[in-house]
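> Sequence and predicted structure below; questions after.
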Amino acid sequence: MKTKVQKWGNSLGVRIPRAFAVQSQIRAGSAVDISVEKDGIRVKPIRVKPVRRRYSLADLLRKVDSRNRHREVATGAPVGREIW
């Protein structure tokens, strides 16, 4: 696909066609890595892995107090093979 390089302030910019953006999962504000290679310029999306917080039972139980502790909840009589 051909496109034009445009001047944006003191820089140059290239618009990424929607089909390319969708296929490469790039959105407005996405981080990209731009590098010069021997045959041209490469624009590659930077994939940031979400930080997954690990919880331990001890940490969670330390936060339980009289303000956030719930009473028992009646769920009714057994309807299957539950053991009560």
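Received the coordinates, thanks.
> Ile41 reaches Ser35, doesn't it?
Yes: Ile41 lies in contact with Ser35 (Cβ atoms under 8 Å); the separation is 7.3 Å. (C-beta placed from N, C-alpha, C; glycine too.)
> Neighbours of Ser24, how many?
Neighbourhood size, Ser24 [other Cβ atoms under 10 Å]: 13.
> Likewise for the one 4 residues further on?
Residues within reach of Ala28, counting by other Cβ under 10 Å, total 5.
> quick one: it from Ala21, how far?
9 Å (Cβ to Cβ, to the nearest Å).
> center of this structure - which residue?
In the chain, the centroid-proximal residue (Cα atoms, centre = their mean) is Pro50; its distance is 5.5 Å.
> what about that residue, distance to Gln25?
Distance from Pro50 to Gln25, by Cβ to Cβ: 14 Å.
> Same check on Lys7?
Taking Cβ to Cβ, one finds Lys7 at 28 Å from Gln25.
> Phi, psi for Leu57 please.
phi -60, psi -40 (degrees, to the nearest 10).
> Equivalent analysis for Arg47, please.
The phi/psi pair for Arg47 (degrees, to the nearest 10) is phi -90, psi 120.
> and the next element down the chain from the helix or strand that contains Lys7?
Following DSSP states H and E, one finds Lys7 within strand 5-8. On the C-terminal side of strand 5-8, the nearest following helix or strand under DSSP H and E is strand 11-14.
> Which elements pack onto that following strand?
strand 5-8 (3 or more Cβ pairs under 8 Å, 6 or more residues apart in numbering; DSSP states H and E).
> roughly how far is the strand it packs on from the heart of the chain?
Remark: strand 5-8 is offset 30 Å from the chain centroid, using Cα atoms, centre = their mean, to the nearest Å.
> Identify the residues contacting it?
Leu12, Gly13, Val14, Arg15 (Cβ atoms under 8 Å, 6 or more residues apart in numbering).
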